Structure formats: C-alpha cells, structure tokens
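J.: could you look at this predicted model? Sequence included:
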Amino acid sequence: MRPPPGHQPVLCAEVLRLLQPAGRPLLLDCTVGLGGHAEALLDAAGPDARLVGIDLDEEGLKQARRNLARFGRRVRLFHANFADIAEVLAEVGSPRVDLLLADLGVASSQLAQADRGLSFSVDGPLDMRLDRRRGRTAANLVNRLSEAELADVIHACGEERYSRRIARAIVAARQDNRIERTLALARIVAGALPPAVRRARRGVHPATRTFQALRIAVNDELGNLERLLEQVPGILVPGGRAAIISFHSLEDRRVKRCFARLAERGEATVLTRKPVPAGADEIERNPRSRSAKCRAMERTR
C-alpha cells in the first residue's frame, strides 16, 4: 500500500477492512482525489480488478492519472460530480459495481492552494469552487446574499451559533468595499465574535465554521451527498459494499440515516454500529484525520 508522495489517504486500513476488496472485479471511488485510496483498493483487490474514479477537481485528476499509471487500462477516471454516478457508469458500460468508496473531505493540497480560496490561513480570492468550470463563487454569496440569507447559510451549513452576528458584520463591511479575499473575510468573522467566544475556541480559528458553510453552499455538498446516497443501493451488486468517510456531523447524520433506512427495508446490512474513527497513530501522522469517520454497509444478497 503506497500512497502518492506527500499524500495520506485517511482511514485507509479501516476502509480495506470494511470493504474487503480481494477478488472483487469492479471498484468505484467517488472522490478519487490524488489516488491514495484507489491505489490501496486495487492492490488489495488483485490483478483482475478494475476501478472507476470520479472527482470534481480537474487538477487533482491529472495527478491521480500519474499516481495510478502503473495500473494502465484497469483505471478509468472521470471529471464529474458523484451525484451523476449513473451517467458515469453508463459510459463505462457497467451499471453496477462491487465496491463504492466516497471520502467527503477536502484534500490538504486543495487547502494549500491560495487561489482556491478554501483556507482562512492563506490569502487568496474567495472562490471555494471544487469544480472551477462552473457555479457561483464564495465571493458571489458573500457580496450578494441578504443578511438573513447569509445567516441561514452560515447556521445551516456551518452550525455556527453566532451566524446572525457574523452575517450582520459581513453586510456592514461590504457597504464600504466588496469582500474579495479570504483573509479579509476571516478578519471580519473573527471581529464579529465576542472576545469570550474567541478565547473559548482557542486552537480553532474563529472563521472555521463560516468558511465550511460557504464551501458547502458553493459546491452544494449536502445536496450532492443526498443524491449519491439515493443511488447507492441501485448501483451495488448483491453482496457489494459501500464505505463513506465524513468529516462533520452534517454529512455523518445523512449517511447514518440512509444506511439505517436501507437496513429497515431489508436492502442492506449496516457494518458499522458506530462510525469508525482514525486511530491514535494515524492522527499523530496526519492530524486532519482526527475528524474523519467512516460508515459502511453491505447490499443484501
């Protein structure tokens, strides 16, 4: 199991244990990223396995092609949204797969790119689009939504209890100048929080939840996840397995409820009574894995 240089796929050992890829012919990685999970799955599945990889990030896909080049024609990669999974599989010519994996996290390499506007620690344009071909940017939302709409987005997608204060501060600031840069927005958000709250959140940047909320809204992450989950039972063969790695409660709750509904209808067996977290060793090696949780299910035979 060799992750690409500088890339550490989260919960990789746990994913292999839950999915049991050995001998399974067709694998689907809905968020192939730089190819770390895909490489591990292919190595474990055996020489006859094929993998279909999907990702919104065109730049990441270019790197994934290089990292997975040794597998040759066994890998097909698509620049697509995993909500459109049925169309991708139709193009492959296989409407059902044996394994499905989705890692819902944002890659460290994406956070480090200032021009993506995903980080409150690096100055860059307020973009936040994972697929830069289309869609509204975070700057569009920050500068055009009403105060009430901004507060709703920050509360619903960031679970930020001070969403109204933050929205009020954003609207006041944009009266003077359009908000275009990440650090400018981060300063506005930090200034909107009471000093006692900033002290209580020591170690967590005051803008963390607001940036999460805007990213989720820009990319319709929760809507796309819902559309993926609706399709999971239909694209897994009997006995096929799915694993989904989430990084916050908004995602995890949706995965949990979906798997529970499928189990109640007799369409699936839930393999994880509780979400599987990263171990202490992995967290020490890769701190971003601290918030990762994996849930898995098996399609009823």
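T.: Ah, there it is.

J.: the residue lying farthest from the centre of the chain sits in which helix or strand?
T.: Most distant from the centre of the chain: Asp176, at 34.6 Å, with distances by C-alpha atoms, centre = their mean. Using DSSP states H and E, Asp176 falls within no helix or strand.

J.: and the gap between it and Ala184?
T.: Counting by C-beta to C-beta, to the nearest Å, the separation of Asp176 from Ala184 is 11 Å. Backbone N, C-alpha and C define where each C-beta goes, glycine included.

J.: going along the chain, name the helices of this structure.
T.: In the chain, the helices defined using DSSP state H lie at 12-19, 36-45, 58-67, 85-92, 108-112, 138-144, 147-158, 163-174, 182-192, 195-200, 208-219, 221-235, 249-264, 280-285.

J.: and the angle for the longest one with helix 221-235?
T.: Orientation check (axes from the mean of the first three to the mean of the last three C-alpha atoms, to 10 degrees): helix 249-264 against helix 221-235 gives 20 degrees.

J.: helix 249-264 packs against which elements?
T.: Contact analysis of helix 249-264 by 3 or more C-beta pairs under 8 Å, 6 or more residues apart in numbering; DSSP states H and E lists helix 221-235, strand 236-246, strand 268-270, strand 293-299 as its packing neighbours.

J.: quick one: contacts of that helix?
T.: With contacts defined as C-beta atoms under 8 Å, 6 or more residues apart in numbering, helix 249-264 is touched by 104, 157, 159, 216, 221-222, 225-226, 229, 232-233, 244, 246, 268-270, 275, 293, 295, 297.

J.: same question for the second one.
T.: Under the criterion C-beta under 8 Å, 6+ apart, residues 1-4, 7-9, 12, 15-16, 19, 21-25, 27, 29, 32, 49, 51, 53, 64, 67-68, 71, 74-75, 99, 101, 103 lie in contact with helix 36-45.

J.: if you average pLDDT over that helix, what comes out?
T.: Averaging pLDDT along helix 36-45 gives 97.
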